[in-house]
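**Student:** This is the structure alone, sequence omitted:
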């Protein structure tokens, strides 16, 4: 997370612009859904823009450099995969909400707590899938999902700590104001996950 903070600080204005685009589409979809519930499907439209942001994070972690053109390149390369991942994420989120409401409303607090715990793990698992899916576009999503599960299983403690840390960062961003969440914490989240998932870049010092 420290490395992600360093990279975000050095490239804040570029990431801010891309993150703002993701946030704008997300807010527009949510507002439309509040007026017309069936418009909730528009949330899937966030996928291509989120994929472009993940592409920026992956590029920055791999090369140490980032240009605004990388966002457009990421949108061109990954928009289809972004739609698929966004749709899958919406289904999981819906199931999570249903489970939390069912267990929380029934007074079964141990099950509600367990559901929240699983939700955090699924959240970080989903972020890992997003990162690997964009970083390795030639691989199938089934293969990506399997690798993400293996990575999370072999590093359960680090995965949980990362998930809880990013959850706190985003909660603070939302509590502070909507705009920091839309323009700062989403990009930072993807950067942190990219550093967690991807191997460090090879430099002359490491050769």
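**Tutor:** That came in fine, so what should we check first? Please read all numbers here as calculations on a predicted model, not as lab measurements. Residues are numbered from 1 along each chain as shown.
**Student:** Show me the helices in this structure, by range?
**Tutor:** 2-10, 12-35, 46-63, 68-105, 109-135, 141-154, 156-176, 178-180, 186-197 (DSSP state H).
**Student:** Mind putting these into CSV with mean neighbour count?
**Tutor:** Just so you know, the C-beta spots here come from the backbone N, C-alpha and C atoms, and that holds for glycine as well. As requested, the helices of the chain are exported to CSV (neighbours: other Cβ atoms under 10 Å):
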stretch, mean neighbour count
helix 2-10, 15
helix 12-35, 17
helix 46-63, 24
helix 68-105, 16
helix 109-135, 19
helix 141-154, 15
helix 156-176, 15
helix 178-180, 12
helix 186-197, 25
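**Student:** Let me have those in JSON lines, extended by mean pLDDT.
**Tutor:** Output for the helices of the chain, formatted as JSON lines (pLDDT from 0 to 100):
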{"stretch": "helix 2-10", "mean pLDDT": "72"}
{"stretch": "helix 12-35", "mean pLDDT": "76"}
{"stretch": "helix 46-63", "mean pLDDT": "90"}
{"stretch": "helix 68-105", "mean pLDDT": "82"}
{"stretch": "helix 109-135", "mean pLDDT": "79"}
{"stretch": "helix 141-154", "mean pLDDT": "88"}
{"stretch": "helix 156-176", "mean pLDDT": "77"}
{"stretch": "helix 178-180", "mean pLDDT": "53"}
{"stretch": "helix 186-197", "mean pLDDT": "87"}
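**Student:** Identify the residues contacting the spatially most central residue of the chain.
**Tutor:** Against the mean C-alpha coordinate of the chain, by Cα atoms, centre = their mean, the closest residue is residue 127 at 4.3 Å. By Cβ atoms under 8 Å, 6 or more residues apart in numbering, residue 127 lies in contact with 166, 189-190, 193.
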